[in-house]
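Visitor: below is the sequence, then the predicted model.
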Amino acid sequence: MKRFTNLLKKEIKELVTKQLIISLAFTVILFNFIGQVSKKEVRKATGIQTISVLDEDGSAGSKDLLKRPEMALFKIVDLSGKTKEQALETAKAGESKLLLVIPKGFGDSLAELKPSELETYSFMRSFSLIGARGQVVVQSVLSAVNEALSNDFLRKKLPDMDTASLKKPIKSKDFIIVQDRMAEGSANLVAGMISQQSMFIPIVLMMIIIYSSQMVISAVAMEKQNKTLETLLTVPIKRTSIITAKMLAAGLIGLISAGVYMFGMQSFLGGIGDEAAKAGAQAGAPALMQKLGLTFNTTGYIILGLSIFLAILVALAVAMILGVLAEDFRSAQNMIMPLMFMVMIPYFISIFADLNTISLPLKIFVLAIPFTHPFLVSQNLYLGNYGMIAAGLGYMLLVFIVLVVFAARVFSSDKILTMKLRFGKKKAAVA
Amino acid sequence: MPNVLTVRGLKKSYGSQMALAGIDFDVQAGEVFALIGPNGAGKTTTLRIVATLLTSSAGEIAFLDHDLCKDPDFVREKISYLPEEAGAYKDMKGLDYLHFMANFYARTPEEEKEFVDRAVAITELGDRLKTKVGTYSKGMTRKLLLARALMTKPVLAILDEPTSGLDVLNALEVREIVRRYVREGTSVLLSSHNMLEIEFLSDRVALIDKGRILDSGTPQELKDKHNAKNLEEVFRSSVR
C-alpha cells in the first residue's frame, strides 16, 4: 500500500501543473464573463423593443392603432412629419430594430374593413444569434397590429360576442400519460424539459471522459517519451498497482477538471437559460414533471452516478491500452480520437434518433458501445425499464473487467515495451 | 564464490527475428560481469530479461536460487536496473526523485533517509538536487540515475552502458563509484561498447554476437587465449 500511495502521489503531482490550474481558472473566468455578456444581450433581446413608426396616413384609425394595448410590447418612436428617406435615416441612427411605415389610405381601408398593407424596414446591425432578430421583431409587430385590428373588426361586426371565443372556438385540455401517471399539461413542454435535463448528462460524461482519458494516455506516453517507464517497471511494485495508480490519478484530476469546467459552463448557459426561461412559458414545468414522476429520487441519482462512474472506468481502461500503443506524447494526442468518437456516436444518435425505432444492426452497434448506456439511464429510469438499466450496468462492468485484465497482461508482458502503433509506418519491435 | 545469477540456454525471439539463440553465463557474488558486443548482438535484450522487463522464449534463469520467470517480484526487490537511455521525471527536483525511488525499497523512514543520503553522496550534486531534473546536463542526469541504481546497495545492479554520453572525467568517476559498490558486496552485470571501460571495470567478460556467446573469461584470460593486446583485438579474433 505504501508503494502504491507513493506512486499515486507522484501521478497526481505530475498532473496538477501550474498550466492546468491557470487553464482551469481562465476557463471559469471566461465562461462567467461570456455568460454575463450573453445575459445582458438576452435581456435586451427579450425585453421591450424599440421601433420607429412613420405614420404617412395621419388618420384617426392609424393614430389609434399605435395607442392600443397590443402595442404596449414596444417602445414607439414617432417619426410623423418626416419623409420616408428622413425617417429611415433617423431610425437607422437610433436604436430602433425596425421602421414601420403606415401608408396613406390606411385609415380608409380600415373603415371599409378591407385588408391593408404596412411596410417594415428591419435594421440588421449584427449577425449574432441574438442580434439578428429583425424578423422576430417584424413578426411580433405585425401580429400585435393584426390582433388589434381583428379585435376591432369583430367588435364592430359582432358587438355582442366575445372576440377571444370567436377567434378560438375550440379550446383543448391537454393531458399527458407516462406509465401509470397522468397530468394536465403540454407534451411539448415535458419533452423540452426532459431534453434540457438529459442534455447535461452527455456533456458531463464527454467532458470527464475526454479529460481523464487524455490524462491517462499522456501519463503512459510521457513515461515512454521521458524514458522513465523501463525503470518504473523494474521497481518492486505490482504492475496492476501501476495501472491502478495512473487510472485513479487521471480519474480524480479528470473529474475535478470536468467539474470546474462544468461550473464555468453552467454560469455561461445559466446566463442565457435563466433569462430565456423567464421570457418563456416554463413556469409550471417542475410541478408537472413531479406529477408525472419524471424526476429523480435518491436511488435514481445513485443509479445515474454509478452508470457514469462505470463509463469513466471503461474509458480509463481503453485509454490505458491506447497509452501503451502510443510512442510519445504527440502520438498520444492522436490516440484520444477513437475514444472521442466512441463517446460521440451514442450522443448524436440519442439526439437525432430513437433507439427503439432504429434498425436492429444499428441498435446492436450502438448498444455495444459501452458509453451508450449512461445516455439511456435517465429515460429508462423515467420509464421504469429497470431490466435495461441493470443490463447496461452489467455490460459496462464486464467490458471494464475485460479491458483491465487485458491492460494488466499488456503491462506484465513484453508488449508494454514492444507494442506500438505508428501512423503510416510499419510496426517495429525493440531490439 | 556463489552464483548470484545463473543463466542457461536463454533464448529470445521477436516474431521470426531471433535476438538470443541460447546463451549461458553466471554472475558471481561481488563481481562485475560484462557483456561486450556490437549493436544488435543481444546485450540489451539479455539485460532486459534479467531485469524482468522482457520474458524469455526459452531457457532458465536463477536469481539467488529463485526462478526469475516465476518470481519476478522477488527479483525486483533485490536488483536495480539502469537502462542505456534512461531518464528521470523532469518536473521533479533531484532530491524528490531520489526520495520517490527510495520509497519503493525502504521499509522504514530511517532506511529511506539512509538510501537518499547515500545517493546524494554519489551524485555530488549538492544544492543542484534542489532544482528540477529538467534543468540538469546529461552528465548530471546520468549520475543521478546511477545514484538511484546503487543507493539501495542491490544484490545485483544491471547497468546498460553506464557511462553512455559522459565526458572522460565523469565516466572515470562513475567507474570508480561502481568499483566501490562492488567492493561493498554488490554484483554488477553490465554491457558496454567501450572496451577500455570493460577492462577497467570487469572481473569477467562474455563476448556476444548475433545472440550467441562466442567466448568468456577474465580479460587477461581472453587476451592470452587470443594472443591479443586488448579486448578489441580479442573481439575481432572471436568474430572471425
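Guide: Cool, the structure landed. Numbering: from 1, shown residues only, chains lettered A, B, ... in the order given.

Visitor: any weak-confidence spans in the chain?
Guide: The chain I'm using is chain A. By pLDDT under 70, the low-scoring segments of chain A are A:45-46, A:69-70, A:126-135, A:196-201, A:269-284, A:419-431.

Visitor: that's the other chain; I wanted chain B
Guide: B:1, B:240.

Visitor: how about the residues of it by chain A?
Guide: Residues of chain B that fall close to chain A, judged by CB under 8 Å from any CB of the partner chain: B:14-15, B:17, B:19, B:40, B:44-45, B:48, B:51-55, B:73, B:76-77, B:79-83, B:85-92, B:100-101, B:103-105, B:145, B:148. Placement of C-beta: from N, CA and C, glycine included.

Visitor: rerun at 6 Å
Guide: B:14, B:40, B:51, B:53-55, B:76-77, B:81, B:83, B:85-87, B:89, B:100, B:103-104 (CB under 6 Å from any CB of the partner chain).

Visitor: tell me the SS of residue B:162?
Guide: Following DSSP: H, G, I helix; E, B strand; the rest coil, residue B:162 is assigned to coil.

Visitor: filter the residues of chain B next to chain A down to the buried ones, ChimeraX style.
Guide: Entered in ChimeraX, the line below selects the buried ones among the residues of chain B next to chain A, by 16 or more other CB atoms under 10 Å in any protein chain shown:
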select /B:14,51,53,54,76,81,83,86,87,89,100,103,104
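
Visitor: kindly provide the distance from residue A:184 to chain B.
Guide: Counting by CB to the nearest CB, to the nearest Å, the separation of residue A:184 from chain B is 62 Å.

Visitor: quick one: contacts for residue A:315?
Guide: Counting by CB atoms under 6 Å, 6 or more residues apart in numbering or on different chains, residue A:315 touches A:209, A:213.

Visitor: then the one 5 residues further on?
Guide: Residue A:320 makes contacts with A:216, A:243, A:407, as judged by CB under 6 Å, 6+ apart.

Visitor: how much space separates it from chain B?
Guide: The gap separating residue A:320 from chain B is 18 Å, by CB to the nearest CB.

Visitor: buried ones in the helix or strand hosting that residue, by neighbour count?
Guide: Using DSSP states H and E, residue A:320 falls within helix A:298-325. By 16+ other CB under 10 Å, the buried positions in helix A:298-325 come out as A:303-304, A:306-325.

Visitor: so when I look at residue A:115, I'm seeing a helix, right?
Guide: No. Residue A:115 sits outside any helix when classified using three-state DSSP, being coil.

Visitor: burial count for it?
Guide: 7 (other CB atoms under 10 Å in any protein chain shown).

Visitor: got the phi and psi for it?
Guide: Note on residue A:115: backbone dihedrals following degrees, to the nearest 10 are phi -60, psi 140.

Visitor: without its sequence neighbours, what residue ends up closest to it?
Guide: Spatially, and ignoring its direct neighbours in sequence, residue A:115 is nearest to residue A:109 (7.3 Å; CB to CB, 6 or more residues apart in numbering or on different chains).

Visitor: tell me the buried residues in the host helix or strand of that neighbour?
Guide: In the assignment (DSSP H and E), residue A:109 maps to helix A:106-111. By 16+ other CB under 10 Å, the buried positions in helix A:106-111 come out as A:106-107, A:109-110.

Visitor: what lines up beside the very next helix or strand once past it in the sheet?
Guide: Sequence order places strand A:119-122 as the next helix or strand after helix A:106-111, per DSSP H and E. Using DSSP bridges, the strands paired with strand A:119-122 are strand A:98-102 (antiparallel).

Visitor: what does the stretch 101-250 of chain A put close to chain B?
Guide: Near chain B, when you scan the stretch 101-250 of chain A using CB under 6 Å from any CB, you find A:226-228, A:230-231, A:233-237.

Visitor: any of the residues you listed buried? List them.
Guide: Those of these that meet the buried threshold are A:226, A:228, A:230-231, A:233-237, by 16+ other CB under 10 Å.

Visitor: what sits against residue B:83?
Guide: By CB under 6 Å, 6+ apart, the neighbours of residue B:83 are A:230, B:160.

Visitor: what about residue 18, neighbour count?
Guide: Just so you know, I chose chain A. Using other CB under 10 Å, the number of residues around residue A:18 comes to 7.

Visitor: actually it's chain B I care about, not the one you picked
Guide: So residue B:18, with other CB under 10 Å, has 16 neighbours.

Visitor: roughly how far does the closest residue to it other than its chain neighbours sit from chain A?
Guide: Excluding its sequence neighbours, the residue lying closest to residue B:18 (CB to CB, 6+ apart) is residue B:211, at 5.7 Å. Applying CB to the nearest CB, the value for residue B:211 to chain A is 11 Å.

Visitor: what about residue B:211, how many residues nearby?
Guide: 22.

Visitor: what about residue B:101, distance to residue A:73?
Guide: Applying CB to CB, to the nearest Å, the value for residue B:101 to residue A:73 is 73 Å.

Visitor: so for the two, which sits in the more crowded spot?
Guide: Neighbours were counted for residue B:101 and for residue A:73 using other CB under 10 Å; residue B:101 has more, 28 against 15.

Visitor: in space, what's closest to the more buried one - neighbours in sequence excluded?
Guide: Closest to residue B:101 by CB to CB, 6+ apart is residue B:148, at 5.0 Å.

Visitor: now that neighbour: which helix or strand?
Guide: Per DSSP H and E, residue B:148 falls inside helix B:138-150.

Visitor: show me what that helix is packed against.
Guide: With contacts defined as 3 or more CB pairs under 6 Å, 6 or more residues apart in numbering or on different chains; DSSP states H and E, helix B:138-150 has these neighbours: strand B:79-82, helix B:109-123, helix B:168-183.

Visitor: any chance of CSV for the ones you listed, columns distance to residue A:149?
Guide: Listed next are those as CSV, based on distance: least, CB to CB, whole Å:
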stretch, distance to residue A:149
strand B:79-82, 91
helix B:109-123, 90
helix B:168-183, 96
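
Visitor: any idea which of those is most buried?
Guide: Stretch with highest mean neighbour count among the helices and strands packed on helix B:138-150: strand B:79-82 (a mean of 26; mean count of other CB atoms under 10 Å in any protein chain shown).
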